[in-house]
Each structure stands twice: as structure tokens, then as C-alpha cells.
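1. Just need the structure, nothing else, for what follows:
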Amino acid sequence: MHPEEIRQMILDLLREICPDAEIGEIEAGVSFRDQFEFDSIDFLNLVLATEKILSLRIPEIDYPRLSSLDGCIGYLVPKVAEAREAERRMA
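-> Residues are numbered from 1 along each chain as shown. Okay, here's the model as predicted:
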């Protein structure tokens with residue numbers, strides 16, 4: 001997946017999880033918690049939904065890397081590429 005696809009997926013998930021948040025005004029480098037009401041349950045829902053959509057396991061130790069839009073993109077783009085490459089090798 002390309003960075004823009006990851007970005008759009010995360011924004012779509014945030015719209016579902018936090019419908020009152022001004023998603024169009026998100027600052028990519030600032031944590032979600034610092035921008036709108038986004039508690040630990042919301043964060044966990046974001047991580048779990050991301051895992052499900054991407055068929056990817058995100059270790060709990062890496063959760064803090066997903067605290068902002070830039071963090072999500074920076075973490076997920078290479079992880080998805082690695083997972084896809086591993087799938088190709090096994091096929």
C-alpha cells in the first residue's frame with residue numbers, strides 16, 4: 001500500500017471511531033490525543049481495526065508509533081510491504 005492509501009484508511013477509521021472529531025483538520029505530526037478526544041479505548045479500536053483491515057499483527061510494544069497520522073503512515077507502509085513480500089515468497 002502507498003502512503004496515501006494508509007493515510008486515507010486511518011482517516012476513515014478515525015471518522016468511525018471519533019465521529020465528532022474534525023478529521024479534515026488533523027495535523028499529521030501531532031498525536032491524536034492532543035488534537036481531539038481520543039482515549040485509550042479509541043486508540044485500541046484504531047489499532048485492532050487496522051490489524052483487521054491489513055491482515056497484519058501489530059505488537060503491543062509498537063502501539064506508541066501509531067499515535068499520530070505520520071506515525072501510522074511511517075510504521076504501516078514498510079510493515080505492509082514486508083508482509084506482502086513474505087506472502088509472495090510463500091506462494
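2. My guess is Ala83 contacts Leu56. True?
-> Yes. Ala83 is in contact with Leu56 according to Cβ atoms under 8 Å; the separation is 5.6 Å. C-betas here are computed from N, CA, C, even on glycine.
3. Look through the chain and tell me its longest helix.
-> helix 69-90 (DSSP state H).
4. just checking, what packs against that helix?
-> Contacts defined by 3 or more Cβ pairs under 8 Å, 6 or more residues apart in numbering; DSSP states H and E place helix 69-90 against helix 3-17, helix 40-54.
5. so what's Ala49 scoring on pLDDT?
-> As predicted, Ala49 sits at a pLDDT of 97.
6. Contacts only, for the spatially closest residue to it that is not a sequence neighbour.
-> Nearest residue to Ala49, sequence neighbours excluded (Cβ to Cβ, 6 or more residues apart in numbering): Leu13, at 5.1 Å. The neighbourhood of Leu13, defined by Cβ atoms under 8 Å, 6 or more residues apart in numbering, consists of Leu46, Ala49, Thr50, Ile53.
7. Which member of those residues is positioned nearest Leu76?
-> Thr50 (7.1 Å; Cβ to Cβ).
8. need the contact list for the closest one.
-> Met9, Ile10, Leu13, Leu56, Ile58, Leu66, Cys72, Leu76.
9. residues touching the first one, list them.
-> Read it as Met9. Met1, Thr50, Ile53.
10. Let me see the contact set for the last one.
-> Taking Cβ under 8 Å, 6+ apart, we find Ile53 in contact with Met9, Leu13.
11. so how far is Glu27 from it?
-> Distance of Ile53 to Glu27, computed by Cβ to Cβ, to the nearest Å: 23 Å.
12. The residue positioned nearest the centre of the chain: what's it in contact with?
-> For the chain, Cys72 is the residue whose C-alpha lies nearest the centre (Cα atoms, centre = their mean; 4.4 Å). Applying Cβ under 8 Å, 6+ apart, we find Cys72 in contact with Ile6, Arg7, Ile10, Thr50, Leu66.
13. Thanks a lot, catch you later.
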